[in-house]
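1. here are the coordinates; sequence isn't available:
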C-alpha cells in the first residue's frame, strides 16, 4: 500500500501567468497613454493660466504648445514655451535700448512716436515651472485613475 498521491499540473498556472502578463502589459500601455495625454493637457492649461499675466499681445500664450509622440508606456508628452518672447519672460532681460528700423518709428502711447526707447528690463518669471507646480494635484488624480483603470482591466479579464 502506498500513501496518498497527487499530481501538480503547472500548465494552467503557466497559462494564467502568461495571460496575466499580456493583459497587464496591454492595460498599462492603454492607461499610460491616456494618463499622459491628460497630464499634458492639465500642464498646458496651468502654464497658459500663468502666462496670461503677460497678455498684452497674447503672443506668449499662443506660443505654448503640446506635442506627443510614442505610444503606450513609452509615450512622451512635451509642453513647450517656444520663441524668444517666452525665453525673455522666463529668463528676464537687462535694461536696454530698442531702436526702430531705419526709416521707421516706434509707436509710443496713443499718439507719439520715437526713433528709440529705453526698456527698463524685467525680472525673470518662471511661469512654466509655476504652471507645472499648479497642476500637481490634478496630476496625482490622473495617475490614481490610471492605476485604478489598470487594476479594473486586469481583474475583469483574468476573473472573467
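-> Perfect, I can see it now. Every value quoted in this text rests on a predicted model; they were computed, and no experiment measured them.

2. Could you give the backbone dihedrals for the residue nearest to residue 113 when sequence neighbours are not counted?
-> With sequence-adjacent residues excluded and distances taken as CB to CB, 6 or more residues apart in numbering, residue 113 is closest to residue 105, at 3.8 Å. For every residue, glycine as well, the C-beta is placed using N, CA and C. Per-residue torsions, residue 105: phi -130, psi 160 (degrees, to the nearest 10).

3. do residue 79 as well
-> phi -110, psi 120.

4. Over to residue 104?
-> Torsion angles, degrees, to the nearest 10, at residue 104: phi -120, psi 170.

5. I'd like to know how far it sits from residue 156.
-> Here the criterion is CB to CB, to the nearest Å. By it, residue 104 lies 67 Å from residue 156.

6. now the residue nearest to residue 113: how far from residue 96?
-> 18 Å.

7. sorry, back to before: could you double-check that the residue nearest to residue 113 lies in contact with residue 111?
-> No: using CB atoms under 8 Å, residue 105 is not in contact with residue 111, being 12.0 Å away.

8. More neighbours: which of those two?
-> residue 105 (12 against 6; other CB atoms under 10 Å).

9. who's in contact with the residue nearest to residue 113?
-> Going by CB atoms under 8 Å, 6 or more residues apart in numbering, residue 105 touches 113, 114, 115.

10. of those, buried ones?
-> Using 16 or more other CB atoms under 10 Å as the burial test, the contacts of residue 105 include no buried residue.

11. need the residues you listed in TSV with secondary structure, can you?
-> TSV is the format used below for the contacts of residue 105 (DSSP: H, G, I helix; E, B strand; the rest coil):
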residue	secondary structure
113	strand
114	strand
115	coil
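
12. Closest to residue 121 out of those?
-> Checking those against residue 121 by CB to CB gives residue 114 as the nearest, at 18.1 Å.

13. pretty sure that closest one contacts residue 108?
-> Yes: applying CB under 8 Å, one finds residue 114 in contact with residue 108, separated by 5.1 Å.

14. Which residue ranges of this protein form strands?
-> Secondary structure of the chain by DSSP state E: the strands cover 64-69, 76-81, 96-99, 106-108, 112-114, 116-119.

15. Report the strands that pair with the fifth one, each with its relative direction.
-> Translated: strand 112-114. strand 106-108 (antiparallel) (DSSP bridges).
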